[in-house]
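Student: Next input, structure requested:
(chains A and B)
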Protein chains: 2
Amino acid sequence: MTTTTPTAAEERLRIRSGAYTGPTAGLAPGHVQANLAILPADWAGDFLRFCQANPRPCPLLAVSEVGDPSLPTLGTNIDIRTDVPRYRVYRDGVLTDGPTDITELWRDDFVAFLIGCSFSFEEALLADGVPVRHIELDRNVPMYETNIPCVGAGRFSGSMVVSMRPMTPKNAIRAIQITSRFPSVHGAPVHFGDPEAIGIRDIADPEHGEAVPIAAGEVPVFWACGVTPQVAIRNARPPIAITHSPGAMLITDLLNTHLSVL
Amino acid sequence: MTTTTPTAAEERLRIRSGAYTGPTAGLAPGHVQANLAILPADWAGDFLRFCQANPRPCPLLAVSEVGDPSLPTLGTNIDIRTDVPRYRVYRDGVLTDGPTDITELWRDDFVAFLIGCSFSFEEALLADGVPVRHIELDRNVPMYETNIPCVGAGRFSGSMVVSMRPMTPKNAIRAIQITSRFPSVHGAPVHFGDPEAIGIRDIADPEHGEAVPIAAGEVPVFWACGVTPQVAIRNARPPIAITHSPGAMLITDLLNTHLSVL
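Tutor: Just a heads-up that it's a prediction; the model follows:
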């Protein structure tokens, strides 16, 4: 008996059926995964400008047509109402629910924004022999809210959320080279070293994800993170907004290697 | 009355005449400058292999024909016996003299090796708005002997010499991107942060060049340095070897921008 890795389409169907509601790291290897933000059309223009002005945390992979839950440029037969394992529903900026299906909540004025995710560059790091601590430990990546301001756009504003990976300086230099090739999935780091310099009070207590140990001789390296829009949505307080649950992403048909600009 | 910047050829003639014997930083802006090592032909094969095996500290820009002091691929009418402001003469691995002209020492079995120099990437850093401390302070760059081993080749072996530039993490990330485009002039850094991790005992006391202050919030960033061959020559003890004096380089007709691979 042989086993084969499920395709991106197969994983989406498994998620759509409700059979899988967990984190998507490691599913459909080689395929781009994406952060999600859904907003009503009268909030979508401001949000689109927010993403455009902050490409490091919010690199846009696709924006849906108004009311259309398909995303034809990201994959065949995607239905954004069912194909993410777990969602977060924000009402007036407050997280109120975490459903696994938003079919009942969908409205014909909704616009879905799909934003690049660091899973794509982590695959390139691992392929180059650069270890990634949270993957070694089978944890969600640690994410921190910083004091790095995003550029405001209309009603959206806030600070940047970053993900952190501890590395030796040698591996950090290599990681900067590798991730610079992937601007549509956050690109190069925004900081390394002293966490307080970007407003992180306690590196052992991330606001999202799980902490990982930093070994002697390693420095924390920080990348802009696709959870940043959730801070901006909290601040803007739209009557309704729906995002993915951190770590539970949309799996697309795109290949990670195709995102490399070099 | 207008002034014009001397060309590379004009600067070489000024140096050849003996009218200028100082450091070459800032002369003939835009033009590649090069580190020098001259060895007898029966030592040249080992040294060529040493450079090939250690491209970060010893990126070869040109190797002369045996006994020929011209370097036609680096510029018109170059005479390596006169066109470097100050030389260092090593006998049996010991520095014995620092002449400004080696015409009397030249032998018909000499081979000249020209090695890339960080001046080329410093110009790219400044053009991008990344400040370079020792240039701001009008000092020679600080250089340190490390415990990073070079790959040995025949009679040549030794540790890497590095140059150091203090930077904020944000500027260091940008500097890694910029210098990665210039592999023939040392490329990306080899280390940042803790000096002791690469065997540097006292960051305030460089073995070559001049110390520079590191400000709060900055980290030292270390690049492989073209003074590395001088350590290998000290160790190998050839009966005679001639190098440039650190900071007093050969000015070539090549353009720095042409060294960028991207």
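
Student: Spatially, and excluding backbone neighbours, which residue is closest to A:A53.
Tutor: A:V151 (3.9 Å; C-beta to C-beta, 6 or more residues apart in numbering or on different chains). All C-beta atoms are positioned from the backbone trio N, CA, C, and that covers glycine.

Student: A:A204 reaches A:I214, doesn't it?
Tutor: No: the criterion here is C-beta atoms under 8 Å, and A:A204 misses it with A:I214 at 9.1 Å.

Student: rewinding a little: ok, the residue nearest to A:A53 to A:I198 distance?
Tutor: Using C-beta to C-beta, to the nearest Å, A:V151 is found at 16 Å from A:I198.

Student: Double-check that A:T146 belongs to a strand.
Tutor: Yes: checked against DSSP: H, G, I helix; E, B strand; the rest coil, A:T146 lies within a strand.

Student: Can you give me the neighbour number for it?
Tutor: 22 (other C-beta atoms under 10 Å in any protein chain shown).

Student: Go ahead and confirm it touches A:M160.
Tutor: Yes: between A:T146 and A:M160 there is a contact under C-beta under 8 Å: 5.3 Å.

Student: Contact partners for the residue of the stretch 1-150 of chain A found nearest chain B?
Tutor: As assessed by C-beta to the nearest C-beta, chain B sits closest to A:I148 within the stretch 1-150 of chain A, at 10.0 Å. Residues near A:I148 by C-beta atoms under 8 Å, 6 or more residues apart in numbering or on different chains: A:159-160, A:162, A:190-191, A:198-199.

Student: By neighbours, which of those wins?
Tutor: A:V162 (30 neighbours).

Student: Name the nearest residue to that residue, ignoring sequence neighbours.
Tutor: Once flanking residues are discounted, A:V162 sits nearest to A:F222: 4.2 Å by C-beta to C-beta, 6+ apart.

Student: Please, where are all the helices along the stretch 101-250 of chain A?
Tutor: For the stretch 101-250 of chain A, the helices defined by DSSP state H, counting those that start in this stretch cover A:119-127, A:133-136, A:169-180, A:228-236.

Student: how far out from the middle of the chain is the shortest one?
Tutor: The reference is to helix A:133-136. From the chain centre to the centre of helix A:133-136 is a distance of 17 Å (C-alpha atoms, centre = their mean, to the nearest Å).

Student: before we move on, what about the first one?
Tutor: Centroid separation between helix A:119-127 and its chain, computed with C-alpha atoms, centre = their mean, is 14 Å.

Student: Ok, the third one next?
Tutor: Using C-alpha atoms, centre = their mean, the mean C-alpha position of helix A:169-180 is found 20 Å from that of the whole chain.

Student: Write out the residues of chain A neighbouring chain B.
Tutor: A:169-170, A:172-173, A:176-177, A:180, A:188-194, A:197, A:217, A:219, A:262 (C-beta under 8 Å from any C-beta of the partner chain).

Student: residue ranges for the strands of the stretch 51-200 of chain A, please.
Tutor: Along the stretch 51-200 of chain A, counting by DSSP state E, counting those that start in this stretch, strands occupy A:60-63, A:87-91, A:94-97, A:110-116, A:143-149, A:159-167, A:191-192.

Student: and A:A204 and A:I214? which has more neighbours close in?
Tutor: A:I214 (17 against 10).

Student: in stretch A:8-18, what's buried?
Tutor: By neighbour count on 16 or more other C-beta atoms under 10 Å in any protein chain shown, the buried set for stretch A:8-18 is A:8-9, A:11-16.

Student: Of these, which belong to helices?
Tutor: A:8-9, A:11-16 (DSSP state H).

Student: Quick check: of the residues you listed, which lies closest to A:T96?
Tutor: Relative to A:T96, the closest of these is A:I15; by C-beta to C-beta it sits at 22.1 Å.

Student: list the contacts for the closest one?
Tutor: If you count contacts by C-beta under 8 Å, 6+ apart, then A:I15 has A:21, A:24, A:82-85, A:251 around it.

Student: Could you tell me which ranges of chain A sit under the pLDDT cut-off?
Tutor: A:1-4 (pLDDT under 70).

Student: Break it down into its domains, please.
Tutor: Per the record, chain A has its domains at A:8-117+A:230-259, A:119-224, by automatic domain parsing.

Student: quick one, which of the ones you listed is nearest to B:P99?
Tutor: Between B:P99 and the domains of chain A, the tightest spacing by C-beta to C-beta is seen for domain A:119-224, at 38.8 Å.

Student: how far does that closest one stretch from start to finish?
Tutor: By C-alpha to C-alpha, to the nearest Å, the extent of domain A:119-224 from end to end equals 13 Å.

Student: And for stretch A:61-81?
Tutor: Per C-alpha to C-alpha, stretch A:61-81 runs 18 Å from first to last residue.

Student: list the buried ones in it?
Tutor: Buried residues in stretch A:61-81, counted by 16+ other C-beta under 10 Å: A:61-64, A:69-71, A:74-75, A:78, A:80-81.

Student: Stretch A:85-100 too?
Tutor: A:85-90, A:99-100.

Student: can you check stretch A:121-138 too?
Tutor: Buried, per 16+ other C-beta under 10 Å, within stretch A:121-138: A:121-125, A:130, A:132-135.

Student: How about stretch A:152-160?
Tutor: Residues of stretch A:152-160 classed as buried by neighbour count (16+ other C-beta under 10 Å): A:152-153, A:156-160.

Student: would you put the C-alpha positions of stretch A:91-111 in CSV?
Tutor: Written as CSV, here are the backbone C-alpha positions of stretch A:91-111 (Å, rounded to 0.1, in the frame of the first residue of the first chain):
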residue,chain,number,x,y,z
ARG,A,91,-18.6,42.6,15.7
ASP,A,92,-17.8,46.3,16.4
GLY,A,93,-14.2,45.3,16.8
VAL,A,94,-14.8,42.7,19.4
LEU,A,95,-14.1,39.0,18.8
THR,A,96,-17.4,37.3,19.3
ASP,A,97,-17.3,33.8,17.8
GLY,A,98,-15.0,31.2,16.2
PRO,A,99,-17.1,29.1,13.8
THR,A,100,-15.8,26.5,11.3
ASP,A,101,-18.2,27.6,8.5
ILE,A,102,-19.5,31.1,7.8
THR,A,103,-22.1,30.2,5.1
GLU,A,104,-24.9,31.5,7.4
LEU,A,105,-23.1,34.8,8.0
TRP,A,106,-22.2,35.5,4.3
ARG,A,107,-23.7,38.7,2.8
ASP,A,108,-23.9,39.8,-0.8
ASP,A,109,-21.9,42.9,0.1
PHE,A,110,-18.9,41.0,1.6
VAL,A,111,-15.4,41.4,0.1
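
Student: which residues are contacting that stretch?
Tutor: A:18, A:21, A:38-42, A:44, A:63-67, A:69, A:81-82, A:85-90, A:233-240, A:242, A:245.

Student: so what's the residue nearest to A:A188 when sequence neighbours are not counted up against?
Tutor: Here the nearest residue to A:A188 in space, its sequence neighbours aside, is A:S180; by C-beta to C-beta, 6+ apart that works out to 4.5 Å. Contact partners of A:S180, counting by C-beta under 8 Å, 6+ apart, are A:187-188, B:177, B:180.

Student: OK, contacts around A:P246?
Tutor: Neighbouring residues of A:P246 by C-beta under 8 Å, 6+ apart: A:140, A:143, A:208-209, A:227.

Student: Can you lay out those as CSV showing neighbour count?
Tutor: Shown next, in CSV, are these (neighbours: other C-beta atoms under 10 Å in any protein chain shown):
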residue, neighbour count
A:N140, 18
A:M143, 23
A:H208, 17
A:G209, 20
A:V227, 26
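
Student: Looking at the residues you listed, which is nearest A:C51?
Tutor: Of these, the one sitting nearest to A:C51 (C-beta to C-beta) turns out to be A:V227, at 13.6 Å.

Student: got a list of what the closest residue to the closest one other than its chain neighbours touches?
Tutor: Spatial nearest neighbour of A:V227, chain neighbours left out: A:V161 (4.4 Å); criterion: C-beta to C-beta, 6+ apart. Applying C-beta under 8 Å, 6+ apart to A:V161 gives the contacts A:57, A:143-146, A:207-208, A:224-225, A:227-228, A:230-231.
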